[in-house]
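K.L.:
Next comes the sequence, and after it the predicted model I'd like to discuss.
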Amino acid sequence: MSRIGKLPIVIPNNVNINWSDSEIIVKGKFGTLQTKIPETIGIQQNDSILKVSLKNEARNLRSLHGLYRTLINNMVIGVSEQFQLTLILKGVGYRAAVQGKEIVLNLGYSHPVKINIPESISVDVVQNTTINLKSCDK
């Protein structure tokens, strides 16, 4: 048994979890996430506690126990709270700005670097050098 895999997952009130033998869907305030799970991973739900277990104790399957428990826990956290990442640009003349659906970075090159922002990520530029990224998916 995996130490991580044995830990229960606490489900907040605003999160709904549906699963079948090969797929789990987590719906919450900030979106919907889904992933495929092996059929050898079992899931039991009691009230607001979710437990991940193994149907077989084969060596290669035991290594997946903690992995899928962590993936499901990250899905629950993502749809209920969102993940946030703060990036700080350090350098003379480094700047960032959001223009439409892309972020424009001035990083000392002869031209600005433009990066398209995916639909699931929200980007805020607090100062010219501080970028906040938020998403329900890591």
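P.N.:
Sure, I can see it. These numbers were taken from a predicted model, which means no experiment stands behind them. Numbers count the residues shown, from 1 in each chain.

K.L.:
So what's the gap between the longest helix anywhere in the chain and the chain middle?
P.N.:
The longest helix of the chain (DSSP state H) is helix 59-80. Chain-centre distance of helix 59-80: 11 Å, with CA atoms, centre = their mean, to the nearest Å.

K.L.:
Same check on stretch 121-129?
P.N.:
Worked out by CA atoms, centre = their mean, stretch 121-129 lies 19 Å from the chain centre.

K.L.:
got the end-to-end distance for that stretch?
P.N.:
Start and end residues of stretch 121-129 are separated by 19 Å (CA to CA, to the nearest Å).

K.L.:
got it, and stretch 100-108?
P.N.:
22 Å.

K.L.:
Next up, the contacts around Thr130.
P.N.:
86-89 (CB atoms under 8 Å, 6 or more residues apart in numbering). The C-beta positions use only the backbone N, C-alpha and C, and glycine is treated the same way.

K.L.:
Out of those, which end up buried?
P.N.:
Those of these that meet the buried threshold are Leu89, by 16 or more other CB atoms under 10 Å.

K.L.:
closest to Ala96 among the contacts of Thr130?
P.N.:
Leu89 (6.1 Å; CB to CB).

K.L.:
Skipping adjacent residues, who's closest to the closest one in space?
P.N.:
In this structure, Leu89 finds its nearest non-sequential neighbour in Thr129, 4.3 Å apart by CB to CB, 6 or more residues apart in numbering.

K.L.:
circling back to that earlier point, so which bits of the longest helix of the chain are buried?
P.N.:
Buried residues in helix 59-80 (16+ other CB under 10 Å): 64-66, 68-80.
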